[in-house]
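Trainee: Sequence and predicted structure below; questions after.
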Amino acid sequence: MIAPPLPAVVAHRGDSARYPENTLAAFVAALEAGADGIECDARLDGAGRARVFHDDDTARLTGVSGPFAEHPAAELDALRVAGERIPTLDEVASLVAGARGPFLWNVELKPTADAERLVAACLPALRAAAPAAVVVSSFDPRVLVALHRAAPDLRGAYLYEDLLALRALRWLPDADRLDLHPRHDLVDAAHLAEYARPGRAFRSWAVDAPAEASRLAGLGVAAVITNRPGPLRDALRQADIAS
């Protein structure tokens, strides 16, 4: 029996186990660690620009509280995440476009009631990332609907951490073309078989334990999204050689 190919190793918010998450330092470190791709979060700032930041509120990461979208742009420019700036999506696109070899950029668009505005603000950066492969993921079905309407050629992916969330696939447009990004502990052979579609890729998050990465590799997932891209990539390769 031929073993499935090793999954791509995608750096979750960059090399976030070693550097501040969603910062240029974390993304550069992921590239240097040999990651096959990076994942980042995108949301709008108060000026309507696409920025790379995970939380709704800035308190956890910057020590300054307040909703992200309500901070003036100049204030966000001055805030630091463990000494690092909050990057724009354009800056990350420029970094990704210069990556060597086949490379995946997974941009997670955060849930929002103004999905059309978020997608429109992100599109120029998403287009500028070529030749990297771009996947736009979200937990929010409204975002995926807006993406399909504005840019049906871009690859969309549905994020979920609860099997009940998959009910949304019934009404999402062109749902069979969506990739699926499940939380790693939801993935088993039965789940993959039930939701497999021609051309659909499964990318699982957030996978830091080598044993779990090996389990998922054996099931044939396309990618594991990890906070520790260097060590996990090495562990998967060593396990592959040993087998």
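Mentor: Perfect, thanks for sending it. Everything numeric in this text was worked out from a predicted model, so none of it was measured.
Trainee: next SSE after the longest strand anywhere in the chain?
Mentor: In the chain, taking DSSP state E as the definition, the longest strand is strand 37-44. Next in sequence after strand 37-44, counting helices and strands by DSSP states H and E, comes strand 50-52.
Trainee: Packing partners of that next one?
Mentor: strand 37-44, helix 89-97, helix 115-128 (3 or more Cβ pairs under 8 Å, 6 or more residues apart in numbering; DSSP states H and E). Glycine gets a C-beta too; all of them are placed from N, C-alpha and C.
Trainee: among those, which is the most enclosed?
Mentor: Of all the helices and strands packed on strand 50-52, strand 37-44 has the most neighbours on average by mean count of other Cβ atoms under 10 Å, namely a mean of 25.
Trainee: and the angle for that one with helix 89-97?
Mentor: Inter-element angle recorded for strand 37-44 and helix 89-97: 170 degrees (by axes from the mean of the first three to the mean of the last three Cα atoms, to 10 degrees).
Trainee: From residue 174, how far out is residue 12?
Mentor: 27 Å (Cβ to Cβ, to the nearest Å).
Trainee: ditto for residue 181
Mentor: 17 Å.
Trainee: and if you look at residue 68?
Mentor: Distance from residue 68 to residue 174, counting by Cβ to Cβ: 31 Å.
Trainee: can you check residue 183 too?
Mentor: Between residue 183 and residue 174 the distance is 24 Å, computed by Cβ to Cβ.
Trainee: ok, which stretches of the chain are helices?
Mentor: Shown for the chain, the helices assigned by DSSP state H span residues 24-32, 59-62, 73-78, 89-97, 115-128, 141-150, 189-195, 210-219, 229-242.
Trainee: Convert the C-alpha atoms of the third one to CSV, please.
Mentor: C-alpha atoms of helix 73-78 as CSV (Å, rounded to 0.1, in the frame of the first residue of the first chain):
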residue,chain,number,x,y,z
ALA,A,73,-5.3,54.1,12.2
ALA,A,74,-2.5,56.2,13.6
GLU,A,75,-3.0,54.6,17.0
LEU,A,76,-2.8,51.1,15.6
ASP,A,77,0.4,52.1,13.8
ALA,A,78,1.8,53.0,17.2
